[in-house]
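> Sequence first, predicted coordinates after that:
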Amino acid sequence: MRFPMFVELEGKRVVVAGAGTIGTRRIRVLAEFGASVLVVAPEISDEVRSLWQAGKIQCELRPVEKQDMEPAYLVVAAADKREINHQVYEWCSEAGILVNVADKKEECSFYFPGIAKKGSLVAGICAGGENHRLARQAAEEIRELWKEKAGV
Ligand SMILES: C[C@@]1(CC(=O)O)c2cc3[nH]c(cc4nc(cc5[nH]c(cc(n2)[C@H]1CCC(=O)O)[C@@](C)(CC(=O)O)[C@@H]5CCC(=O)O)C(CC(=O)O)=C4CCC(=O)O)c(CCC(=O)O)c3CC(=O)O
Ligand SMILES: NC(=O)C1=CN([C@@H]2O[C@H](COP(=O)(O)OP(=O)(O)OC[C@H]3O[C@@H](n4cnc5c(N)ncnc54)[C@H](O)[C@@H]3O)[C@@H](O)[C@H]2O)C=CC1
């Protein structure tokens, strides 16, 4: 069972390879938590383009490269090709960088949790990598519960 660490992301460089459905979901959350996000992907979603135009993240429209990893605090591999995500995993493992690999839980040194947030309260939900739907559902239940909560 994995330990829920609450790490400081403010100003930390987080590299995300891939900005489709899953990459976008993660970029949005990482930017919201103050990370300095660099997106590297040949194609990006409209939402990511908007975040970029608003100066909230940086983007480079090209395939990910080994050099992108080096100064990173965290890396997310969310490309739609197994060989690319695996390559990112290898680069990060060599460099000792924590990496989240969206298509292979065995390659994740950290998982992305389902998140509920209200005021200073933050919950990160993990179902041990075994049940994504359960993690999603539990996060949704907490969000609903906290809607009623006052004074946080
Ligand atoms: C292990 C983990 C690693 C990581 O990615 O961090 C992982 C891995 C994988 N997910 C896959 C599929 C899906 N995951 C979701 C949803 C969520 N997945 C999330 C986290 C995690 N997913 C990590 C820990 C999970 C845990 O604790 O159990 C959440 C909580 C957070 C987030 O993603 O933001 C988020 C809900 C948040 C919310 O909505 O609140 C959906 C549904 C949807 O997208 O609507 C689907 C499609 C349907 C299905 O399969 O259920 C696949 C197969 C990919 C493929 O083969 O194509 C893998 C790969 C593998 O298992 O090896
Ligand atoms: N962990 C999770 O919660 C889930 C994970 N997945 C997995 O996530 C991965 C991404 O899925 P989607 O976002 O739906 O794909 P998508 O097709 O929407 O987006 C793919 C992104 O990868 C980029 N990309 C392609 N080649 C690249 C390269 N060489 N370098 C950098 N970026 C590159 C594309 O430009 C695009 O931005 C898939 O492997 C899928 O199996 C899917 C559902 C849920």
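Structure's in. What do you need? Ligands and ions are numbered 1, 2, ... in the order given.

> Where is the longest strand in the protein?
For the chain, the strand reaching the highest residue count under DSSP state E is reported as strand 36-44.

> So what touches that strand?
Outside strand 36-44, the residues that touch it by CB atoms under 8 Å, 6 or more residues apart in numbering are 11-20, 23, 27, 30-31, 48, 52, 56-65, 68, 72, 79. (Glycine included, C-beta is placed from N, CA and C.)

> And those residues, which of them are buried?
Applying 16 or more other CB atoms under 10 Å to the contacts of strand 36-44, the neighbour count classes 12-20, 23, 27, 30-31, 48, 52, 57, 59, 64, 68, 72, 79 as buried.

> Narrow these to those in helices?
Among the buried ones among the contacts of strand 36-44, the residues falling in helices (DSSP state H) are 23, 27, 30-31, 48, 52.

> Can you lay out these as JSON lines showing distance to ligand 1 and pLDDT?
Formatted as JSON lines, those follow (distance: CB to the nearest ligand atom, whole Å; pLDDT from 0 to 100):
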{"residue": "23", "distance to ligand 1": "10", "pLDDT": "98"}
{"residue": "27", "distance to ligand 1": "11", "pLDDT": "98"}
{"residue": "30", "distance to ligand 1": "10", "pLDDT": "97"}
{"residue": "31", "distance to ligand 1": "14", "pLDDT": "97"}
{"residue": "48", "distance to ligand 1": "15", "pLDDT": "98"}
{"residue": "52", "distance to ligand 1": "20", "pLDDT": "98"}
